[in-house]
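# Okay, sequence plus prediction incoming.
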Amino acid sequence: MGVHADALTVLGDWAPGDPNQESLRQAYLGFLAAREDSCDRSCAAGHITASAVVLDGDKVLLTLHPRVGKWLQLGGHCEPSDETLAGAALREATEESGIDGLTIDPVPVHLEVHPITCSLGVPTRHFDVRFAVHAPAGAQPVRSDESDDLRWWDVSEVPNDELLPMINLATSRGSHAARNGDRAGAW
């Protein structure tokens with residue numbers, strides 16, 4: 001299928017509960033329809049990226065991003081070998097955290113577009129699709145060279161307030177699934 005076709009399907013089927021997220025979803029779908037290369041990092045107009053909100057109970061794993069200088073969720077570019085957006089997010093989370101046994105909810109939790117100068121070396125935009133990822137209880141991350149630091153934060157003490165809407169959506173979905181006994185089947 002490929003990540004581009006998967007992105008069209010996943011975002012086409014997703015029904016966010018927030019009007020701003022719905023507006024972004026429509027913009028993403030328009031971008032995907034207009035650009036066959038929209039999931040390729042070589043797309044200078046911007047490109048779809050995949051992120052992971054890695055959770056362990058009431059803790060979230062954040063990386064101190066070397067280019068941005070802020071604590072952020074794990075994630076990055078889609079690679080040619082990626083078949084799905086969720087697969088790209090899970091691959092990135094595994095690579096950047098060093099944690100084996102991560103599980104992902106394949107339904108997005110949040111979208112965000114942000115300007116960045118990434119590996120292209122020119123200003124562009126990331127059309128980021130964010131997924132909830134669960135770590136095995138007590139998992140210990142291992143920092144990769146893609147990060148200046150990597151650590152677990154209590155959700156109530158996240159150092160970057162911009163992340164709170166995304167984290168709140170990811171944690172509320174996990175809590176809802178656990179209450180309904182859906183966790184094992186959903187991830």
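Here it is on my side, so go on.
# in the protein, which spans are helices?
3-13, 19-34, 85-97, 164-179, 183-186 (DSSP state H).
# wait, which of those is closest to residue 139?
For these, the distance to residue 139 is smallest for helix 85-97, at 7.9 Å, taking Cβ to Cβ. Quick note: C-beta positions are derived from backbone N, CA and C, even for glycine.
# State the number of residues packed around residue 5.
Applying other Cβ atoms under 10 Å, we find 13 residues neighbouring residue 5.
# oh sorry, the question was meant for residue 145
7.
# dump the residue contacts of it.
Contact analysis of residue 145 by Cβ atoms under 8 Å, 6 or more residues apart in numbering lists nothing.
# Out of the helices of the chain, which is closest to residue 67?
When the helices of the chain are compared (using Cβ to Cβ), the closest one is helix 85-97, at 13.6 Å.
# Which residues does that closest one contact?
With Cβ under 8 Å, 6+ apart as the test, helix 85-97 has contacts from 3, 6-7, 10, 48, 50-52, 54, 61, 63, 74-79, 82, 99-100, 102, 104-106, 108, 129-131, 133, 135, 139, 141-142, 144, 146-147, 150.
# what about stretch 42-59, average pLDDT?
Mean pLDDT, stretch 42-59: 95.
# and what of stretch 124-134?
96.
# Excluding chain neighbours, what is closest to the residue sitting nearest the centre point of the chain?
Residue closest to the average C-alpha location in the chain (Cα atoms, centre = their mean): residue 51, at 1.7 Å. Excluding its sequence neighbours, the residue lying closest to residue 51 (Cβ to Cβ, 6 or more residues apart in numbering) is residue 75, at 2.9 Å.
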